[in-house]
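what's the 3D shape of this:
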Amino acid sequence: MSLLQRLEKERQSQGIKEKRTETAMKAPAITNAKQDLMQEMKQQALKMLIDEIDPELLKRAKESQDTGELEKEISEMVDDFLGDQDTFLGRNEKNKLIEEILYESVGFGPIQPLIHDDSVSEIMVNGPHQVYVERKGKLELTDIKFRDDAHVMNVIEKIVSPLGRRIDESSPTVDARLPDGSRVNAIIPPLALNGPVITIRKFAKKPLNINDLIRYGTLSPNMATFIKACVKGKLNIVVSGGTGSGKTTTLNVLSSFIPPDERIITIEDAAELQLAQEHVVRLEARAANIEGKGAIPIRELVRNSLRMRPDRIVVGEVRGGEALDMLQAMNTGHEGSLTTGHANSPRDMISRLETMVLMAGMDLPIRAIREQIASAVDLIIQQSRLRDGSRKITHITEVQGMEGDVITLQDIFLFEPTGRDPGGKMLGRFVSAGIRPKFIEKLEAQGIYLPKEIFAKE
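Below is the predicted model of the structure:
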């Protein structure tokens, strides 16, 4: 019995059941069996249409991101495929089928609508049958599903292949990015027991600016004025925070304050910074090839950047031995460098930097490392993601120097939580510690003056 015959039989059977009660006649139920048959029909149509789409038309649509011509051809092919069976596939279902084929052809399959959805900040594919998203800092389970593991793997290949990256059993993890700059991590079996896993950190189509962060309550206007002066005054700044706390977004905002007449070198694992200045050179680390050779780590790029006449070096994130090269650059005339790092507090960031310098393999005494850090880093901006999903700059802390064997830190601004409102939203206020930083004279020597009231203790 053909698929359409089975559908017809199911429809007739359903019609008999519908006549049994007046309620069923008014609101006919769609059985699970029919839903399964409809899904099977869609999958057959999907497979046939993808195989028959004109490759040149598909190529043009991918390159131009204009799917109008492709959508028209797919619509005609769907009409031909369905023939006179439109009774089984209504207009809405037909449009949905066309949309699915477009997503498979020039997009990233079932998750393409989530990529288009501006309210979604993160997409988490936990195998083929479970897809979560983050909206406003909260996780939500969606009803989106893939067919099987192979379907998820096909989407991963679409993401990584244009970037020259690879993922297979011998190299089962990969970091990549989407064309819009969104960050992608994928991990596959045998390491991932749920099936292939994709995590996408989306980037806003329009980069956030400092006014957006003030409006969202990430920092106060006084804090914004202060960090803007610090970037213009060429202080070395580290943005620290946990995963998903908004470090890269803050780094992007800080970078926007760099004067347009300076040469900026950005160094990242997967390029995602969105700088508006004209004179920007972007460097991206490279993974090993299929033979396990040719890897270019961030550390090598940091070293190379020193020979590229940079005014500013911006490292997306330090997580290893490149921390030593970054500190040496800060200490040898490359002022105004910016970077991020994983840490839960400014003091923890100092400890992390010590550990990362030791990872460089240099046999340096701890005191020498601490002296390097104290001399190189001027300011630590601590960003946190609170329990309600909001992101706040909780500390702006000056690195003042050494006292004995200890690096001394001084908070300049703080976020003081005061509780929660009835809706569960975190309440608090940004306050000044009432202390003027030691580097204020360095700023004033460059003609950058801050109002004294910014530092007034509240």
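
Any idea how far apart the tips of stretch 206-221 sit?
End-to-end span of stretch 206-221 (Cα to Cα, to the nearest Å): 21 Å.

contacts for that stretch?
224, 227-228, 246, 249-250, 252-253, 256-257, 274, 276, 383, 390-393, 413, 430 (Cβ atoms under 8 Å, 6 or more residues apart in numbering). (Glycine included, C-beta is placed from N, CA and C.)

tell me the domain boundaries of the protein?
Domain assignment for the chain, taken from automatic domain parsing, gives 3-106, 112-201, 210-455.

would JSON lines of the ones you listed with mean pLDDT be doable?
As requested, the domains of the chain are exported to JSON lines (pLDDT from 0 to 100):
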{"stretch": "domain 3-106", "mean pLDDT": "61"}
{"stretch": "domain 112-201", "mean pLDDT": "89"}
{"stretch": "domain 210-455", "mean pLDDT": "91"}
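
In TSV: those domains, plus mean neighbour count.
Compiled in TSV, the domains of the chain are given as follows (neighbours: other Cβ atoms under 10 Å):
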stretch	mean neighbour count
domain 3-106	14
domain 112-201	17
domain 210-455	18
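
rewinding a little: show only the entries of the contacts of stretch 206-221 found in strands.
Those of the contacts of stretch 206-221 mapping onto strands are 383, 391, 392, 393, 413, 430, per DSSP state E.

List just the nearest of the residues you listed to residue 139.
residue 391 (15.3 Å; Cβ to Cβ).

Any idea what that closest one is bridged to?
residue 385 (DSSP bridges).

My read is that it contacts residue 415, right?
No - counting by Cβ atoms under 8 Å, residue 391 sits too far from residue 415 to count as a contact (10.8 Å).

Three-state assignment for the closest residue to residue 336 other than its chain neighbours, please.
Leaving aside its sequence neighbours, residue 336 sits nearest to residue 234 (Cβ to Cβ, 6 or more residues apart in numbering; 3.5 Å). Classification of residue 234 by DSSP: H, G, I helix; E, B strand; the rest coil places it in coil.

Next, residue 234: phi, psi?
The phi/psi pair for residue 234 (degrees, to the nearest 10) reads phi 60, psi 40.

residue contacts, it?
So residue 234 contacts 335, 336, 446 (Cβ under 8 Å, 6+ apart).

likewise residue 245?
Residue 245 touches 383, 384, 385, 391, counting by Cβ under 8 Å, 6+ apart.

Residue 415 too?
392, 393, 394, 395, 428, 429, 430, 431 are the contacts of residue 415 under Cβ under 8 Å, 6+ apart.

Pick out the most distant pair among those residues.
395 and 429 (14.1 Å).

got JSON lines for the contacts of residue 415, with distance to residue 342 too?
Below are the contacts of residue 415 laid out as JSON lines (distance: Cβ to Cβ, whole Å):
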{"residue": "392", "distance to residue 342": "17"}
{"residue": "393", "distance to residue 342": "16"}
{"residue": "394", "distance to residue 342": "15"}
{"residue": "395", "distance to residue 342": "15"}
{"residue": "428", "distance to residue 342": "23"}
{"residue": "429", "distance to residue 342": "27"}
{"residue": "430", "distance to residue 342": "23"}
{"residue": "431", "distance to residue 342": "26"}
